[in-house]
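> got a structure for you, letters missing:
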């Protein structure tokens, strides 16, 4: 499979140029494509996007309202339009609006609304939130009622304080009341696409304001307890807190006190694992209380670092309802295979069970490279 950066190959860039020339006959395709393949070759995805945005911007009229009109004219009109631009090809266009639109707010917002329907303007809206926060938030509030789900999603995704690949918005993280009214309008949206974005936004907040997130979910659930979609949103919004074993989040999701749980038999794990193989584990958990208990089993793998220290990565396990005194036998396999985001080192690693947020003693195993 081609790396994602090849979305901005020289061939795909030329397709963008062809559509730009259709909108603006004076657009110089030859100059735009000059030595483009060599220029793109050493660059990664976002760098390639910026390079294309630079070249597009250099070859179109400089006045932003005119410029934005030409960019919008290249967009696909609907799903049957296979020649005009959609997907990653639109990203450089949104970047140009972000660069040039701060002094032309209304024209920029109109362009981003059109563009987000063909790709996403979640990155491009962020400079406006930094430089004109109140005006931009008011625009987002208006878009909460837009008939297009992609525009409504832009509201919550574009204003996320910790959007992956996007610049941070510390002012929103410090003051969640700036965007909570937007989430209030969107959390029961008919689109699962929009609701997922709302849950991601709340999950961002949970990293600094955990109690606020739990209180918000409690309020929303009590307002409409029969909402069939809400539990999924709440689980996703709490995922970081659940991984961290946050007591309120665990209680909100219905998990009982970990003090009533014990591991009857220590985990049996593969003593030595070769890189590319699997760590095998087996353990028995018992509910020692006189009440039924909902149990969440997670585990952490403590990976060895280059300096010999260990760092934990938590992996989601399983959920089971245990009757009073009931035991639960668990067995599983954890892959230890080369991945691009981790460097493995030989030596002692660790397997650590976690039950309803409580950590239990770690058990060593050897990883051989």
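The structure has been received and is ready for your questions. Quick caveat: nothing in here was measured; it's all calculated off a predicted structure.
> roughly how far apart are the residue sitting furthest away from the middle of the chain and residue 357?
Centroid-distance maximum for the chain: residue 290 at 40.5 Å, with Cα atoms, centre = their mean. In this view, residue 290 and residue 357 are 21 Å apart by Cβ to Cβ, to the nearest Å. (Glycine included, C-beta is placed from N, CA and C.)
> Quick check on the residue farthest from the centre of the chain: phi, psi?
Phi and psi for residue 290, reported as degrees, to the nearest 10, are phi -100, psi 10.
> Return the residues in contact with it.
324, 325 (Cβ atoms under 8 Å, 6 or more residues apart in numbering).
> Show me the shaky parts of this structure.
Applying pLDDT under 70 to the chain picks out residues 1-2.
> which residues in it form strands?
For the chain, the strands defined by DSSP state E cover 261-269, 272-274, 278-287, 293-304, 310-322, 327-335, 347-355, 358-359, 363-368.
> Out of the ones you listed, which gets nearest to residue 26?
Residue 26 lies closest, by Cβ to Cβ, to one member of the strands of the chain: strand 310-322, at 53.9 Å.
> What strands flank that closest one, and is each parallel or antiparallel?
strand 293-304 (antiparallel) (DSSP bridges).
> in the partner strand, what's buried?
Neighbour-count burial for strand 293-304 flags 293, 295, 296, 297, 298, 299, 300, 301, 302, 303, 304 (criterion: 16 or more other Cβ atoms under 10 Å).
> and of those residues, the nearest to residue 15?
Here the nearest of the buried residues of strand 293-304 to residue 15, counting by Cβ to Cβ, is residue 303; it sits at 42.7 Å.
> picking up where we left off before, ok, so what distance separates the residue farthest from the centre of the chain from residue 247?
21 Å.
> same deal with residue 316?
Counting by Cβ to Cβ - residue 316 and residue 247 are separated by 18 Å.
> more neighbours, those two?
Neighbour totals were compared for residue 316 and residue 247, and residue 247 leads with 17 against 12 (other Cβ atoms under 10 Å).
> Now the more buried one: closest residue in space, sequence neighbours ignored.
Of all residues not flanking residue 247 in the chain, residue 357 sits nearest, at 6.7 Å (Cβ to Cβ, 6 or more residues apart in numbering).
> on that earlier part again, between the strands of the chain, which gets nearest to residue 216?
strand 293-304 (21.7 Å).
> tell me the angle the closest one makes with strand 278-287.
Between strand 293-304 and strand 278-287, the angle comes out at 150 degrees (axes from the mean of the first three to the mean of the last three Cα atoms, to 10 degrees).
> what angle sits between strand 293-304 and strand 327-335?
30 degrees.
> about what we covered before: how near is the residue nearest to residue 247 to residue 296?
For residue 357 relative to residue 296 (Cβ to Cβ), the value is 8 Å.
> now the strands of the chain as a markdown table including distance to residue 137?
Shown next, in a markdown table, are the strands of the chain (distance: least, Cβ to Cβ, whole Å):
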| stretch | distance to residue 137 |
| --- | --- |
| strand 261-269 | 45 |
| strand 272-274 | 51 |
| strand 278-287 | 47 |
| strand 293-304 | 37 |
| strand 310-322 | 34 |
| strand 327-335 | 44 |
| strand 347-355 | 39 |
| strand 358-359 | 41 |
| strand 363-368 | 49 |
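> winner for burial among those strands?
Counting by mean count of other Cβ atoms under 10 Å, strand 293-304 has the highest mean neighbour count of those, with a mean of 20.
> how far out from the middle of the chain is that one?
Here strand 293-304 shows a centroid-to-chain-centroid distance of 22 Å under the convention Cα atoms, centre = their mean, to the nearest Å.
> Just the buried positions in stretch 171-178, please.
For stretch 171-178, a neighbour-count test (16+ other Cβ under 10 Å) marks 172, 173, 176, 178 as buried.
> before we move on, what about stretch 227-239?
Within stretch 227-239, the residues scored as buried using 16+ other Cβ under 10 Å are 230, 233, 234, 236, 237, 238, 239.
> so can I have TSV of the residues you listed showing distance to residue 353?
Shown next, in TSV, are the buried residues of stretch 227-239 (distance: Cβ to Cβ, whole Å):
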residue	distance to residue 353
230	30
233	29
234	25
236	24
237	25
238	21
239	19
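> ok, now which ones touch the closest residue to residue 57 other than its chain neighbours?
Nearest residue to residue 57 in three dimensions, chain neighbours excluded: residue 96, at 5.2 Å (Cβ to Cβ, 6+ apart). Neighbour list for residue 96: 53, 56, 57, 67, 71 [criterion: Cβ under 8 Å, 6+ apart].
> Could you check how far residue 96 is from residue 127?
Distance, residue 96 to residue 127, by Cβ to Cβ: 12 Å.
> One more: residue 312?
Residue 312 is 36 Å from residue 127, where distance means Cβ to Cβ.
> again, but for residue 346
Distance, residue 346 to residue 127, by Cβ to Cβ: 46 Å.
> When the two are compared, which one has more neighbours?
Taking other Cβ under 10 Å, residue 346 and residue 127 do not tie; residue 127 has more neighbours (17 against 11).
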